[in-house]
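K.L.:
Output the structure for:
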Amino acid sequence: MTSHVNAFVNTEATAPQDIQFPETVHFPAETIVEYVDDLEMLQQIRSEWEGLSSSFNTPLLSHNWFASCAHAFGSHEQPEILIIRRRGEIEAIAPLAFKGHFQKRLEVMGSFVTNEPGGVIFADQRSLAQLWEAVCDLQKTVFLKGFRFGSPEAQALESLLHSRRIKFLAREEQLPWVNTRGEWKDFEKTISSSRRSSFRRLRKLAESKGQLVFEEVIPTPENVQGYLEELFKVEAAGWKGRTGTAMRSFKELGEFFRTYSRLEAEEGRLRLFFLKVGGQTIAGQLTVVRANRLWIFKIGHDESWSWCSPGILLMNEVIKYCFDTKLEGCEMLGSDEPWLHIWTNECHTVVTYRIYPNVIAAMSDLLTDFAYVVSNKIATKFAKQRGARPANAHKNA
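P.N.:
The predicted structure follows:
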């Protein structure tokens, strides 16, 4: 298992092996840069956005995702979505937003609130290079969370930053996922015998209190809110409820998932999973099916049932569901928690960038952020020593 890199470090760009990016990017007359700065304008380009993002095979770049971000986080994020158009057609999009009051920086919309990877969408190498050029021309501090390591967008970005001698920091993280091609019975054999025995023991413990039921729900737009309240309730019955990070108490995050869930339910992509004992919900998950994969966004369990590990029992059933329904993978998202490696040692490596143009304001940002990273690392260390969960942990077993 690959461990976290817990601090931002200076990173030297790796020269792209399969993609060559020009040192100078030209914007011909038929190419223009547009800016979308409100939800109404964002809705107007929905069909074009979906046409461009569909080939990226992730819900995290869909129009539904960013429309939900703009709706829920608009009070502290001002959309500044960069669009490259060529001959009237959208060829690239950077879904950014301004954040902060005095020294505003740019971030991928919602990424640091949802704790999920970000990204950009583009038609080809030329439009990608033009997009990054337009972002850098803004001369603003930019935070980009969770770009896939070695991807064309990451390579193009680092190439441009080095050519312009722009300061940046980078941090690598791991996102576990499970390859669910094949048969469950074969995959189950790869789980240690002691762990399989533990699953059986935990099931028996739960069944001692009533009938154990694994429930899959495909909500409709009409009933999705009721099911979400059930999920929010069980999530708040754990440590997230105490720390104020549960969707019930974190108002903006809750509003985001209500909006996003409704939009995905309209397209038949939303899947909610519940584990119940004697009719009582003791664990739940909010997920979406896209690109023949299951994407897990929120999980939670009732801590009064921790003695039978309901979160682990539910995750095991959800992974089995992926095999049974012939999905290709189960994407766990969020953060790399040790308990997720019960089922997998496979991870995606993603990189978070903090980019500081060579201007005085950005240098101030750099010093402020460095101090924040150091203090946060110290606080996290002491929290772990006390046995507490870090306040920015968004998922739970």
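K.L.:
what's near enough to touch Asp252?
P.N.:
For the record, residue 252 is Glu, not Asp. For Glu252, the contacting residues are 72-73, 75-76, 113, by CB atoms under 8 Å, 6 or more residues apart in numbering. For every residue, glycine as well, the C-beta is placed using N, CA and C.
K.L.:
Could you check how far the helix or strand that it is a member of is from the centre of its chain?
P.N.:
Counting by DSSP states H and E, the element that carries Glu252 is helix 251-266. A distance of 14 Å separates the centroid of the chain from that of helix 251-266, by CA atoms, centre = their mean, to the nearest Å.
K.L.:
where's Ala123 relative to Ile319, distance?
P.N.:
Using CB to CB, to the nearest Å, Ala123 is found at 35 Å from Ile319.
K.L.:
Correction: the previous question concerned Ser193.
P.N.:
In terms of CB to CB, Ser193 sits 18 Å off from Ile319.
K.L.:
Looking at those two, which has the bigger crowd around it?
P.N.:
Remark: of Ser193 and Ile319, Ile319 carries more neighbours, 24 against 8, as counted by other CB atoms under 10 Å.
K.L.:
Just the buried positions in the host helix or strand of the more buried one, please.
P.N.:
Using DSSP H and E, Ile319 sits within helix 310-324. Under the neighbour-count criterion of 16 or more other CB atoms under 10 Å, helix 310-324 has 310-323 buried.
K.L.:
Equivalent analysis for stretch 215-223, please.
P.N.:
For stretch 215-223, using 16+ other CB under 10 Å, the buried residues are 217, 219.
K.L.:
From the contacts of Glu252, which land in helices?
P.N.:
72-73, 113 (DSSP state H).
K.L.:
wouldn't Ile83 be in contact with Pro95 here?
P.N.:
No. Here Ile83 does not reach Pro95: they are 9.7 Å apart, not a contact under CB atoms under 8 Å.
K.L.:
between these two, who's got more neighbours?
P.N.:
Of the pair Ile83 and Pro95, Pro95 is the one with more neighbours under other CB under 10 Å, namely 29 against 22.
K.L.:
so how far is Lys251 from the more buried one?
P.N.:
Distance from Pro95 to Lys251, by CB to CB: 22 Å.
K.L.:
before we move on, what about Ile121?
P.N.:
Distance of Ile121 to Lys251, computed by CB to CB: 29 Å.
K.L.:
Looking only at neighbour counts, state which of the two leads.
P.N.:
Using other CB under 10 Å, the more surrounded residue of Ile121 and Lys251 is Ile121, with 23 against 11.
K.L.:
Wait, the more buried one touches Glu50, no?
P.N.:
No. Using CB under 8 Å as the test, Ile121 is too far from Glu50 to be in contact (10.1 Å).
K.L.:
Closest to Phe168 out of the buried residues of helix 310-324?
P.N.:
Using CB to CB, Met315 comes nearest to Phe168 of these, at 35.8 Å.
K.L.:
what's the neighbour count on Gly182?
P.N.:
Look at Gly182: counted by other CB under 10 Å, it has 10 neighbours.
K.L.:
Can you give me every residue that contacts it?
P.N.:
Counted by CB under 8 Å, 6+ apart, Gly182 has contacts Phe323.
K.L.:
before we move on, what SS does it have?
P.N.:
With DSSP: H, G, I helix; E, B strand; the rest coil as the basis, Gly182 sits in coil.
K.L.:
Look at it and report its pLDDT.
P.N.:
For Gly182, the model assigns a pLDDT of 96.
K.L.:
Check Val359 too.
P.N.:
Per-residue pLDDT puts Val359 at 63.
K.L.:
And what about the closest residue in space to Ala94 that isn't next to it in sequence, helix, strand or coil?
P.N.:
Of all residues not flanking Ala94 in the chain, Leu82 sits nearest, at 4.2 Å (CB to CB, 6 or more residues apart in numbering). What three-state DSSP gives for Leu82 is strand.
K.L.:
do you know how far Leu82 is from Asp137?
P.N.:
10 Å.
K.L.:
now swap in Glu173 and tell me
P.N.:
Glu173 is 28 Å from Asp137, by CB to CB.
K.L.:
who has more neighbours, the two?
P.N.:
For the pair Glu173 and Asp137, the greater number of neighbours falls to Glu173 (20 against 12), based on other CB under 10 Å.
K.L.:
for the more buried one, which residues make a bridge with it?
P.N.:
Here Glu173 shows beta-bridge partners Val350, assigned using DSSP bridges.
K.L.:
same deal with the one 4 residues further on?
P.N.:
Beta-bridge pairing for Trp177 (DSSP bridges): Glu331.
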